[in-house]
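Novice: model this:
(2 chains)
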2 protein chains.
Amino acid sequence: MNGSTNDRLLRALLREPVDTTPIWIMRQAGRYLPEYRTVRERAGNFLTLCTTPELACEVTMQPVRRYRLDAAILFSDILTVPDAMGLGLHFVEGEGPRFERPVRTERDIRALGVPDPGTDLRYVLDAVRLVRGELGGTLPLIGFAGSPWTLATYMVEGGSSREFDRIKRLLFDRPELLHRLLEVVARSVGVYLHAQIEAGAQAIMIFDTWGGVLDPVAYREFSLRYMARIVESLPREHDGRRVPVILFTKGGGQHLEAIADTGCDAAGLDWTVDLSAARARVGDRIALQGNLDPAVLYAGPERIRAAAAQILEAFGAGSGHVFNLGHGIHADTDPDRVAVLVDAVHELGARYHA
Amino acid sequence: MNGSTNDRLLRALLREPVDTTPIWIMRQAGRYLPEYRTVRERAGNFLTLCTTPELACEVTMQPVRRYRLDAAILFSDILTVPDAMGLGLHFVEGEGPRFERPVRTERDIRALGVPDPGTDLRYVLDAVRLVRGELGGTLPLIGFAGSPWTLATYMVEGGSSREFDRIKRLLFDRPELLHRLLEVVARSVGVYLHAQIEAGAQAIMIFDTWGGVLDPVAYREFSLRYMARIVESLPREHDGRRVPVILFTKGGGQHLEAIADTGCDAAGLDWTVDLSAARARVGDRIALQGNLDPAVLYAGPERIRAAAAQILEAFGAGSGHVFNLGHGIHADTDPDRVAVLVDAVHELGARYHA
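Specialist: Predicted structure coming up:
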């Protein structure tokens, strides 16, 4: 590693030696940053931010300018894929995402096709290229997508959900129909991530935000299976360098061994999992990413440092840990506390990489 | 067991031999039943149902008249305790519970006292006595309360929450203050459950609906510790019979061993836990209750029977299993499907108790 190229993240994801533990933060480009809110207001709405490559690039760069983070993550939304499939995404202020044309019937499902990322999601690929240009090789860029199961929940429910009644009705009453939906979504996510890698994404994360609402049998059949297919289908090298894949099922700590079996390089963990026990379970098979409760950032600097120290100690010595929150940073977080965390991880993490 | 007294539930909770696996259903007295909706409409609002002993008794009895359930559970709400502490509970149609005077400051917390169940929650005790009279010894009655942590989330947030920002801010920034709150809530829950037992509740369940949003260290310190204190403080016998205590932390499957350490008789499990693995972890220390995904009741009769069979097989032979859903039954469940489940459990469960 030389002064101008920080590749701690990629090395840690591949369990190669690093000088200290790398850190990035889920939703690091987001509402807690005043500079983000300024751009967001100028854009008028959230979707314009996602679909305008210059704006997406600008907000992607904001947190890496402000903090000594070890990665940039593309600013986008997991729902751009179903939007490109024709569902009509819009965001209602304070209420979250909504689809104009949710997928409810067998006919709806049969009508779905796989979008062409080069045309239908070109704005994302343009943003990837812009960000890579801006970063100039100093930091790696993470691309991402939602898991097929997670995207399907929004597509069937029509937006966010508490109980997931509609999609679970499909799952338990018409499982063959749900598989048909998941197949087309998985193919769409696969080609989309492939295109992100070709445009310049150097690591990939798949967000399975809602896999944790399934029972263990249903999780394997309806969520993990489709993530595994995507992992298998992706090119594992680009420009002569391995492109690591991180799978993150929120609330899925009990499935860690099965997640490692997919052939992914790393698993994201939410804060309900004991990191030390998690490492003991997967050994050196995959790297682990996580897992501070985002609410710890409400505490004062000393408590933040202590909480970071606890997580570093739980993972212990050696490479294979990427520090992160266990979920996206809360919008009302004080930006100064993020600096405290980032610096604490780098300072306290060094001792585990002697 | 004679024909007029069904004590399968109490025996299974104490791991004594039974003829088949007992079943009751969380929220079995509720909106999915047309006869419930009739009484609920007549009452005008939900809180009137809870605070009028005759109405609470009537809706408690409805599901045990309709199905061959193995227990009645008192119709009430976990938030009656904070209401009795002076917070001013009301329910906004379609939005859930709200407190007029949430607990936000050190001063708010210091002002809280322990309610006297005999006066402040007398309507609950009257309902317990009425239900016991109606049941006439044919079925046991389960009493319940919310866990201190779960009640505190509502008291601090002022109602339901997605991120638990306010109480987690307290937890991470002012832990000593949160402990003070949890102490007075735990004492209130303790005397309340004690009074329910004296009024005739034959088993007790503590609902820790939100313990699963905590990291493992915080869970033990802020949720489990206070449940353990309550378990210790309760009279374990009444009228010459042991009163079993069930602890249920939703999303708390990873803490099962620690839950067993509290001295409770049984642990409730949500559907994300593999029941066979759970049993292997606790052995014969406690009974287990659960754990069908409530959404399985959207499926047809054959799939419901198959799902019930899978769970019975996962627990395996011997006493110590109380069949239940992993969470409350959904309001849009077809009541006929509940009969399918109850009968399937009794019929298919018998083979595990040869």
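
Novice: ranges for the strands of the stretch 1-150 of chain A?
Specialist: A:72-73, A:89-92, A:96-99, A:141-146 (DSSP state E, counting those that start in this stretch).

Novice: and for the residue lying closest to A:Met26 once chain neighbours are set aside, the neighbour number?
Specialist: Leaving out its chain neighbours, the residue that sits closest to A:Met26 by CB to CB, 6 or more residues apart in numbering or on different chains is A:Gly328, at 4.6 Å. In short, each C-beta sits where N, CA and C put it, glycine included. Neighbour count of A:Gly328, defined by other CB atoms under 10 Å in any protein chain shown: 18.

Novice: residues in contact with A:Gly328?
Specialist: Counting by CB atoms under 8 Å, 6 or more residues apart in numbering or on different chains, A:Gly328 makes contact with A:Met26, A:Arg27, A:Gly30, A:Pro294.

Novice: which pair in these has the greatest spatial separation?
Specialist: A:Gly30 and A:Pro294 (11.2 Å; CB to CB).

Novice: these two: which has the busier surroundings?
Specialist: Between A:Gly30 and A:Pro294, counted using other CB under 10 Å, the more crowded position is A:Pro294 (23 against 20).

Novice: separation between the closest residue to the more buried one other than its chain neighbours and chain B?
Specialist: Nearest non-adjacent residue to A:Pro294, counting by CB to CB, 6+ apart: A:Leu325, 4.6 Å away. Taking CB to the nearest CB, to the nearest Å as the measure, A:Leu325 and chain B are separated by 11 Å.

Novice: could I get the phi/psi values of A:Leu325?
Specialist: Main-chain dihedrals, A:Leu325, degrees, to the nearest 10: phi -80, psi 170.

Novice: quick check: neighbours shared by A:Gly30 and A:Pro294?
Specialist: Shared contacts of A:Gly30 and A:Pro294, defined by CB under 8 Å, 6+ apart, comprise A:Gly328, A:Ile329.

Novice: and whatever residue of the stretch 251-354 of chain A ends up closest to chain B, what is it in contact with?
Specialist: Of all residues in the stretch 251-354 of chain A, A:Ala295 sits closest to chain B, at 3.5 Å by CB to the nearest CB. Listed by CB under 8 Å, 6+ apart, the contact partners of A:Ala295 are A:His330, B:Glu163, B:Phe164, B:Asp165, B:Lys168, B:Arg169, B:Leu171, B:Phe172.

Novice: adding pLDDT, write those out as a markdown table.
Specialist: A markdown table is the format used below for the contacts of A:Ala295 (pLDDT from 0 to 100):
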| residue | pLDDT |
| --- | --- |
| A:His330 | 97 |
| B:Glu163 | 90 |
| B:Phe164 | 96 |
| B:Asp165 | 94 |
| B:Lys168 | 97 |
| B:Arg169 | 96 |
| B:Leu171 | 98 |
| B:Phe172 | 97 |
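
Novice: which one of those is nearest A:Arg180?
Specialist: Of all those, A:Arg180 sits closest to B:Glu163, with 34.5 Å by CB to CB.

Novice: now tabulate the contacts of A:Gly328 in CSV and tack on pLDDT.
Specialist: Output for the contacts of A:Gly328, formatted as CSV (pLDDT from 0 to 100):
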residue, pLDDT
A:Met26, 98
A:Arg27, 98
A:Gly30, 96
A:Pro294, 98
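
Novice: can you report how many residues neighbour the residue nearest to A:Pro294?
Specialist: Using other CB under 10 Å, A:Leu325 has 28 neighbouring residues.

Novice: also A:Ser276?
Specialist: 15.

Novice: just A:Pro235 next, same as before
Specialist: When neighbours are counted by other CB under 10 Å, A:Pro235 registers 11.

Novice: same check, this time on A:His90
Specialist: 14.

Novice: need the contact list for the nearest residue to it once chain neighbours are set aside.
Specialist: Distance criterion CB to CB, 6+ apart; nearest residue to A:His90, sequence neighbours excluded, is A:Arg98 at 5.6 Å. For A:Arg98, the contacting residues are A:Leu89, A:His90, A:Phe91, A:Val92, A:Gly158, A:Gly159, by CB under 8 Å, 6+ apart.

Novice: now A:Arg305
Specialist: Contacts of A:Arg305 (CB under 8 Å, 6+ apart): A:Val340, A:Ala344, A:Leu348.

Novice: which other helices and strands contact the helix or strand where the last one lies?
Specialist: Right, the one you point to is A:Leu348. Element membership of A:Leu348 [criterion: DSSP states H and E] is helix A:335-349. If contacts are counted by 3 or more CB pairs under 8 Å, 6 or more residues apart in numbering or on different chains; DSSP states H and E, helix A:335-349 sits against helix A:53-66, helix A:301-315.

Novice: now tell me what touches that helix from outside.
Specialist: Identification of contacts with helix A:335-349 by CB under 8 Å, 6+ apart yields A:20-21, A:23, A:25, A:28, A:32-34, A:63, A:66-69, A:292, A:297-299, A:301, A:304-305, A:308-309, A:312, A:323, A:329.

Novice: how close does the closest residue to A:Val296 other than its chain neighbours get to B:Gly137?
Specialist: With sequence-adjacent residues excluded and distances taken as CB to CB, 6+ apart, A:Val296 is closest to A:Ala307, at 4.6 Å. Per CB to CB, to the nearest Å, A:Ala307 is found 53 Å from B:Gly137.

Novice: who has more neighbours out of those two?
Specialist: Neighbours per residue (other CB under 10 Å) separate A:Ala307 from B:Gly137, with A:Ala307 holding more: 21 against 11.
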